[in-house]
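Asker: following is a predicted model, sequence given first.
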Amino acid sequence: MQSLIADTLRAWREAERVLTSLPPVDPNHEIIRGLVIELRSMYAKLAQSADVPAEAIADWQTQLESATTVLTRVRGESA
């Protein structure tokens, strides 16, 4: 679980960096802004939860993988 928390924090920070590098008119700006909100919420829930069901952890892991894929794609497009 600690790994998931750390990975979520890392992705959240990366999403914020990508967001600040994108101009507001970029079509990916709103997508990344949404990821920042989603990852921040995920991090807060994970950090506050002591007992998290395995199903919820699997769901969060899937969301994190999806967010990471989007971040990688957008970074590649803006490079």
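Answerer: Looks like it came in fine. Nothing here was measured: the structure is a model prediction, and the numbers come from that model.
Asker: by mean pLDDT, flag the weakest helix or strand of the chain.
Answerer: Sorted by mean pLDDT, DSSP states H and E, the helices and strands of the chain end with helix 54-78, the least confident at a mean of 90.
Asker: what's the neighbour count on Ala6?
Answerer: 12 (other CB atoms under 10 Å). No exception for glycine: its C-beta is placed from N, CA and C like everyone else's.
Asker: apologies, that question was intended for Trp12.
Answerer: Trp12 has 21 nearby residues by other CB under 10 Å.
Asker: tell me which residue of the protein is furthest from the middle?
Answerer: Asp51 (21.6 Å; CA atoms, centre = their mean).
Asker: so how far is Met42 from that residue?
Answerer: Separation of Asp51 from Met42 (CB to CB, to the nearest Å): 17 Å.
Asker: what do you get for Asp26?
Answerer: Distance of Asp26 to Met42, given as CB to CB: 24 Å.
Asker: without its sequence neighbours, what residue ends up closest to the residue nearest to the spatial centre of the chain?
Answerer: In the chain, the centroid-proximal residue (CA atoms, centre = their mean) is Leu39; its distance is 3.9 Å. Computed as CB to CB, 6 or more residues apart in numbering, the closest residue to Leu39 that is not its neighbour in sequence is Trp12, at 3.8 Å.
Asker: now Met42
Answerer: Sequence neighbours aside, Thr8 is the residue nearest to Met42 in space, at 5.3 Å (criterion: CB to CB, 6+ apart).
Asker: between the strand or helix carrying that neighbour and helix 54-78, how many degrees?
Answerer: Using DSSP states H and E, Thr8 sits within helix 2-21. With axes from the mean of the first three to the mean of the last three CA atoms, to 10 degrees defining the directions, helix 2-21 sits at 30 degrees from helix 54-78.
Asker: just checking, next helix/strand downstream of helix 2-21?
Answerer: Past helix 2-21, the next helix or strand by DSSP H and E is helix 29-48.
Asker: quick one: Val74 from Ser41, how far?
Answerer: According to CB to CB, Val74 stands 20 Å off from Ser41.
Asker: look at these two and report which has more neighbours.
Answerer: Per other CB under 10 Å, whichever of Val74 and Ser41 has more neighbours is Val74, with 22 against 12.
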